[in-house]
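Participant: Give me a model of this one.
(one chain, ligands or ions: 1)
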Amino acid sequence: MIRCIVAATAFLMAGGEASDWAAYPERAGKYGTPYTARQLGQAWFNALMLLSDTDRCSLVLTFLLQEKGLFRALLVGKSAEGCMDTNGVVRITGRYKELIIGAGGENIAPVPVEDKIKQLAPALSNVMMVGDNRRFNVALVTLLAEGATGELPGGDNLTGAALEVNPVVKTVSAAMKDPAWQKYIEKAIEETNSDTNVCQNNNWKIQKFVIAPRDFSVQTGEFTPTMKLKRSVTEEMWKELIDPLYS
Ligand SMILES: *[C@@H]1O[C@H](CO)[C@@H](O)[C@H](O)[C@H]1NC(C)=O
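Facilitator: Residues are numbered from 1 along each chain as shown. Reported below is the predicted structural model:
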C-alpha cells in the first residue's frame, strides 16, 4: 500500500487521452473518489516511483484505465496493477504481463505477437520482440537446435521442424545466411502483422528481424531459473545483432 500525492502529468507523458474518472460514477463509488485520469496518472506515477525504488528497476510513466476501474501501470520489463481507494491510497493488486513502450509512448503487448509468430513458424524456438523506446519493433529469433533445453542453449545443429525449412540447411549458422529461412520467418511475421487480433495497430508491427546464433537459455542468461525471458538483459546481450536493425 502506498500513499501518494495526487497532482499532474504522468498520463499526458504517456501520450494517453485524458478521460475523466468522473465519467464512471459506478466505478468512482466502488473504487474511490472520482479523480481525473490525469490525477490518477500522477498518483500512480508517484506510487511507482516508490515501488521501483524498492524493486530497483527503472520506471515508466503510463497507466491505463481498465474495465473494472482498476488501472495499470507499467514498469520496464514488468508491470503492476492497482487501484485507489476513497482515502487516496493506491494498492498494488497484481502484476501484468510485460509491455513494450515505444518511442511515441504507445503500449504494446509483445507476448501475443511473439506467440503468434511461433505458432506460424514452428521451426522457431524463441521470438523476442524489441521496441522499448525505439522507433519501431524488431524481433530477435532463435531456431530449434539440438541440445537446447531451456536450461542449456544447445549447439549449432538444427533439430525437429527446423530441419524441414530448407532440408539442405542443417545448422543455425547456415540458416542465418539462408534465403529460404529468411523467407520462412518473414512470412510468419507478415502474417502476424496483418492479424488485427494480435497487432492492434501499426505500432504493434514488427519491421525487421534477426536470427541469433544460438538459442536462449538459463545458463546463458536470457531466462530466469523459472524460464521467464529477461527482456532487457537479452536485448543488451544481443545488442550487436539488434542495433544494426535500427541503423
Ligand atoms: C551435428 O551434426 C553432425 C552431423 O549429423 C554430427 O556429426 C555432429 O556430431 C553434430 N554435432 C553435435 C554437437 O551434436
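
Participant: For burial, what's the neighbour tally of Thr226?
Facilitator: 6 (other C-beta atoms under 10 Å). To be clear about C-beta, it is placed using only N, CA and C from the backbone, and glycine gets the same treatment.

Participant: brain fart, Gly155
Facilitator: For Gly155, the neighbour count with other C-beta under 10 Å is 15.

Participant: show me the contacts for it.
Facilitator: By C-beta atoms under 8 Å, 6 or more residues apart in numbering, the contact set of Gly155 is 145-147, 214.

Participant: OK, now which residue of the protein is nearest to the ligand?
Facilitator: The nearest approach of the chain to the ligand comes at Asn157, 3.7 Å away (C-beta to the nearest ligand atom).

Participant: Spatially nearest residue to that residue (excluding sequence neighbours)?
Facilitator: Spatial nearest neighbour of Asn157, excluding adjacent residues (C-beta to C-beta, 6 or more residues apart in numbering): Glu146 at 4.2 Å.

Participant: For that neighbour, give me phi and psi.
Facilitator: Backbone torsions of Glu146, given as degrees, to the nearest 10, read phi -60, psi 130.

Participant: Quick check, it in contact with Pro153.
Facilitator: No: Glu146 lies out of contact with Pro153 (C-beta atoms under 8 Å); the separation is 10.8 Å.

Participant: Between these two, point out the one with more neighbours.
Facilitator: Between Glu146 and Pro153, Pro153 has the larger neighbour count (other C-beta under 10 Å), namely 23 against 17.
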